[in-house]
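Enquirer: Kindly return the folded structure for what I paste below:
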Amino acid sequence: MYTFGKEADKTGELTSKYSDLTLICDNFANESASKLLVNWSSLERHRFNAKTLDYISSATCEKYFAEHLHFNERESVNDLEREFPIAFGILVYHNFDQVEQLLRLIYRKNNFYCFHVDEGADKEFKYMMQWLVDCFPENVFVASNPVDITWGDVSILKAVLQCMENLLARSDKWKYYVHLTGEEFLLVTNLELVTSLKNLKGANLVEGTSLKPNMDRYPEQLPYDLKKYKSSSHIVLSHEAVEFVLKSQISKTIFGALHDYNSPEESFFAVLQFNQKNCFPENVFVASNPVDITWGDVSILKAVLQCMENLMARSDKRKYYVHLTGEEFLLVTNSLKNLKGANLVEAED
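Expert: Predicted coordinates for the structure are as follows:
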């Protein structure tokens, strides 16, 4: 794996003037485990910063691309990936080399990448991050209005929402939002990720449990009588769900209710996800402006037209409209494709 300050020689072996591997092995053979950990920690903190900063100070983006082939569009990127763009929100605050390698791993020209750079990060890291994203002006950027993150309070959730907002403003083409931090590496390819997300068919990936949630993370009663749920901060949301998070009054009310409690990023999305009746929209919903139906008059037609209107507003991708009542059961599988655009309407003289 290529890292700053290391180059591959003709045999493909990694060489480095800092002899990192020798240092680690010598410590392992001759020093105590605690000494090894101290030395490794020190090595990790200081190994790349000075060298990387020197590199960036003199390198152009063209030079960077020439020396880091992973950023070139690969032949292996297929139409499925190009037609299914993903938005990544990534929280970072240190270790530029690791962040750069993460971007190297997940970068595709059709995806979008928002890096929330902690306001409390050191100025050298901020400088290097800005240099990196400036080489990708079309789809990689630093979040606007960054917050100074304190782990455990609402600042983490604010950072996540800031990237969501910026990604929505940047493009309406992406299909899913994926949350990461600069400490993580994806263990799947972009194609595998696209295939998995496509199979979700608009659903979200949010962990959740209602079993003995940490009570210090919630008010005594949530608004709308919603049930309390706990999750991790790792989420995958559909484009539609992200819009709901940022724009709905329900979401804003829940954010306010959790604002002053511990780790709201681990409860906010779970509360929305698992209280489906009132929260995240899926492909099942109640019609707006329902009418009081009287059988035999125009109210039935009004009810049908109301559902049609709501369905058209929800998505323009549906191929056919099928009308049913709660008294009926379908006894066939989907065969509408065979109609080839024709309609099924009974008629009597």
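Enquirer: how about the closest residue to residue 214 other than its chain neighbours, phi and psi?
Expert: Leaving aside its sequence neighbours, residue 214 sits nearest to residue 230 (CB to CB, 6 or more residues apart in numbering; 6.4 Å). Every C-beta, even on glycine, is put in place using the N, C-alpha and C of the backbone. Here is the backbone geometry of residue 230 (degrees, to the nearest 10): phi -120, psi 140.
Enquirer: is it true that residue 230 touches residue 267?
Expert: Yes: Residue 230 is in contact with residue 267 according to CB atoms under 8 Å; the separation is 5.9 Å.
Enquirer: so how many other residues sit close to residue 107?
Expert: 18 (other CB atoms under 10 Å).
Enquirer: Equivalent analysis for the one 5 residues further on, please.
Expert: Counted with other CB under 10 Å, residues neighbouring residue 112 total 23.
Enquirer: Residue 207: what's it in contact with?
Expert: Listed by CB atoms under 8 Å, 6 or more residues apart in numbering, the contact set of residue 207 reads 231, 232, 234, 270.
Enquirer: Please tell me I have it right and residue 188 contacts residue 196.
Expert: Yes: assessed by CB under 8 Å, residue 188 is found in contact with residue 196 at 7.4 Å.
Enquirer: sorry, back to before: residue 230 and residue 267: which is more packed in?
Expert: Ranked by neighbour count (other CB under 10 Å), residue 230 and residue 267 place residue 267 first, with 26 against 20.
Enquirer: How about the contacts made by the closest residue to the more buried one other than its chain neighbours?
Expert: Leaving aside its chain neighbours, residue 267 sits nearest to residue 217 (5.2 Å; criterion: CB to CB, 6+ apart). Neighbour list for residue 217: 230, 258, 261, 262, 263, 264, 266, 267 [criterion: CB under 8 Å, 6+ apart].
Enquirer: one more time with 6 Å, if that's ok
Expert: Applying CB atoms under 6 Å, 6 or more residues apart in numbering, we find residue 217 in contact with 261, 262, 267.
Enquirer: Over to residue 99?
Expert: 92, 182.
Enquirer: where along the stretch 201-349 of the chain do the strands fall?
Expert: Assigned by DSSP state E, counting those that start in this stretch, the stretch 201-349 of the chain shows strands spanning 205-206, 235-238.
Enquirer: what about residue 80, how many neighbours?
Expert: 12.
Enquirer: quick one: it from residue 105, how far?
Expert: 19 Å (CB to CB, to the nearest Å).
Enquirer: got it, and residue 169?
Expert: Residue 169 is 25 Å from residue 105, where distance means CB to CB.
Enquirer: per-domain residue ranges of this structure.
Expert: Listed by automatic domain parsing, the domain ranges of the chain are 7-47, 70-274, 288-349.
Enquirer: Out of the ones you listed, which gets nearest to residue 62?
Expert: domain 70-274 (9.0 Å; CB to CB).
Enquirer: What mean pLDDT does the closest one get?
Expert: Taken as a whole, domain 70-274 carries a mean pLDDT of 90.
Enquirer: Report the contact partners of residue 162.
Expert: Contacts of residue 162 by CB under 6 Å, 6+ apart are 143, 145.
Enquirer: Make sure residue 85 is actually in contact with residue 176.
Expert: No: between residue 85 and residue 176 there is no contact under CB atoms under 6 Å: 8.8 Å.
Enquirer: Among these two, which residue is more densely surrounded?
Expert: Set side by side, residue 85 and residue 176 show more neighbours around residue 176, with 24 against 19, by other CB under 10 Å.
Enquirer: Residue 341 and residue 148, how far apart?
Expert: Counting by CB to CB, the gap from residue 341 to residue 148 is 57 Å.
Enquirer: More neighbours: the two, which one.
Expert: Under the neighbour definition other CB under 10 Å, residue 341 and residue 148 were set side by side, and residue 148 has more, 11 against 8.
Enquirer: Now do the contacts for the more buried one.
Expert: 119, 120.
Enquirer: Give me the three-state assignment for it.
Expert: coil (DSSP: H, G, I helix; E, B strand; the rest coil).
Enquirer: What's the separation between it and residue 61?
Expert: Counting by CB to CB - residue 148 and residue 61 are separated by 29 Å.
Enquirer: what's the answer for residue 91, then?
Expert: Applying CB to CB to residue 91 and residue 61 gives a distance of 24 Å.
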